[in-house]
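**Q** have a look at this fold, sequence not included:
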């Protein structure tokens, strides 16, 4: 919560405190429009300008900074009022809330596929340590981590869209279909999402080597030898003992990968012209739509904090040593 309040404080400072900041620029833009219309702003018109600035940014420049700061926090936390987009002339919250499910769709699916495949490959590589499969996949994993995800995105777009024509080059649905639970619409959504999901999959694929190393270390522990001597099946040892304990060091980094995936969505969605939060943020930057930029910053910060919170709450599920606050430690 403190980090979220800090993020809101930073956006307020960028709005209000910086010289020639967004509030001043919006105010000057509105005043310039009146001057171009041949009228000098009167006190009544200045009051109206301040009200318009508050509508767009959520900050009244005529109020003291501490009063404006309180109003800014109250509007966002209580009313989810992030201001109004200058370019689209719509509430920022509505724009981002409509775009967020599409970003979640491609990002979460890409991260889930990348994490699942990398963990499975890491486990198989560990159980075949030194073999041909282990050597080949190690080389592939190292090469994969050295190639940026956006290069993969551009190459896949060139090959599968422009050269072969198998997949669409942009958009998120077929414009010739009717949105709803019908097969043509669903097929169109899936086809438009394949390349962005594949690029997110590549971005979330880097955990194979780390999981391989953890599995090899766990397989050398004494409790694994004891489990084998007790006659426990190899499948149970692999899943219950080796896999679970090897997952602990990489689990937090996997959850933090949620933040990284959403951060990379700006580039991915711009490359594929996929209308979601990343592309909305990019267009806001191009158009200097400051309320929408600040709203995107707050949304991305919230998603990052949510990933950290989920990791913290669920870590005890996979690690029995981590107990809830209601249980006291025994000494």
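**A** Received the coordinates, thanks. Nothing here was measured: the structure is a model prediction, and the numbers come from that model.

**Q** what is the burial count for residue 101?
**A** Using other CB atoms under 10 Å, residue 101 has 10 other residues around it. Yep, even glycine has a C-beta here, placed from its N, CA and C like the rest.

**Q** a helix runs through it, doesn't it?
**A** Yes - assessed by DSSP: H, G, I helix; E, B strand; the rest coil, residue 101 belongs to a helix.

**Q** tell me how far it lies from residue 193.
**A** To residue 193, residue 101 is 12 Å away according to CB to CB, to the nearest Å.

**Q** following the one helix or strand in the chain whose mean pLDDT sits lowest, which helix or strand comes up?
**A** Here the helix or strand of the chain ranked lowest by mean pLDDT, DSSP states H and E is helix 22-36, holding a mean of 69. Next in sequence after helix 22-36, counting helices and strands by DSSP states H and E, comes helix 43-57.

**Q** mind listing what's buried along the next helix or strand after that next one?
**A** Downstream of helix 43-57, the first helix or strand assigned by DSSP H and E is helix 65-79. Going by neighbour count (16 or more other CB atoms under 10 Å), the buried part of helix 65-79 is 68, 69, 71, 72, 75, 76.

**Q** list the buried residues for the host helix or strand of residue 224?
**A** Using DSSP H and E, residue 224 sits in helix 222-229. For helix 222-229, the neighbour count (16+ other CB under 10 Å) marks 224, 227 as buried.

**Q** following element in sequence after it, please.
**A** With elements assigned by DSSP H and E, the helix or strand that comes after helix 222-229 is helix 234-236.

**Q** mind checking how far that following helix is from the chain centre?
**A** How far helix 234-236 lies from its chain's middle: 36 Å, per CA atoms, centre = their mean, to the nearest Å.

**Q** go on, stretch 184-201?
**A** That offset, for stretch 184-201, works out to 18 Å (CA atoms, centre = their mean).

**Q** name the residues of it that are buried.
**A** 185, 188, 189, 192, 193, 195, 196, 197, 198, 199, 200, 201.

**Q** specify which member of those is nearest to residue 111.
**A** Residue 111 lies nearest to residue 200 out of these, by CB to CB, at 6.3 Å.

**Q** shouldn't that closest one be in contact with residue 112?
**A** No - assessed by CB atoms under 8 Å, residue 200 is found out of contact with residue 112, at 9.4 Å.

**Q** where in the chain is pLDDT low?
**A** For the chain, applying pLDDT under 70 flags the ranges 1, 15-26, 29-30, 34, 38-42, 56-62, 203-206, 252, 255-263, 318-331.

**Q** got the domain ranges for it?
**A** Per automatic domain parsing, the structural domains of the chain span 2-79, 93-318.

**Q** how about TSV for those domains, with distance to residue 87 added?
**A** Formatted as TSV, the domains of the chain follow (distance: least, CB to CB, whole Å):
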stretch	distance to residue 87
domain 2-79	11
domain 93-318	4
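
**Q** among those, which is nearest residue 85?
**A** If you check each of the domains of the chain against residue 85 by CB to CB, domain 93-318 wins as the nearest, at 4.7 Å.

**Q** can you report how many residues lie near the residue nearest to residue 128 when sequence neighbours are not counted?
**A** In this structure, residue 128 finds its nearest non-sequential neighbour in residue 134, 4.9 Å apart by CB to CB, 6 or more residues apart in numbering. Residue 134 has 18 neighbours, counted by other CB under 10 Å.

**Q** ok so, going back, can you tell me which of the domains of the chain is most buried?
**A** Of all those, domain 93-318 carries the top mean neighbour count, a mean of 17, counting by mean count of other CB atoms under 10 Å.

**Q** so how far is that domain from its chain's centroid?
**A** 10 Å.

**Q** show me what contacts the residue lying closest to residue 121 once chain neighbours are set aside?
**A** Distances taken as CB to CB, 6+ apart place residue 208 nearest to residue 121, at 4.6 Å, with adjacent residues excluded. Applying CB atoms under 8 Å, 6 or more residues apart in numbering, we find residue 208 in contact with 117, 118, 119, 121, 122, 125, 137, 141.

**Q** these in helices, which ones?
**A** 117, 118, 119, 121, 122, 125, 137, 141 (DSSP state H).

**Q** so residue 197, which of the three states?
**A** Per three-state DSSP, residue 197 ends up helix.

**Q** for stretch 273-290, measure first residue to last.
**A** Stretch 273-290 stretches 21 Å from its first residue to its last (CA to CA, to the nearest Å).

**Q** kindly report the same for stretch 149-165.
**A** Per CA to CA, the first residue of stretch 149-165 is 21 Å away from its last.

**Q** likewise stretch 222-239?
**A** With CA to CA applied, stretch 222-239 spans 17 Å between its terminal residues.

**Q** related to what we said a few turns ago, quick one: which of the buried residues of helix 65-79 is nearest to residue 164?
**A** Of the buried residues of helix 65-79, the one sitting nearest to residue 164 (CB to CB) turns out to be residue 76, at 46.2 Å.
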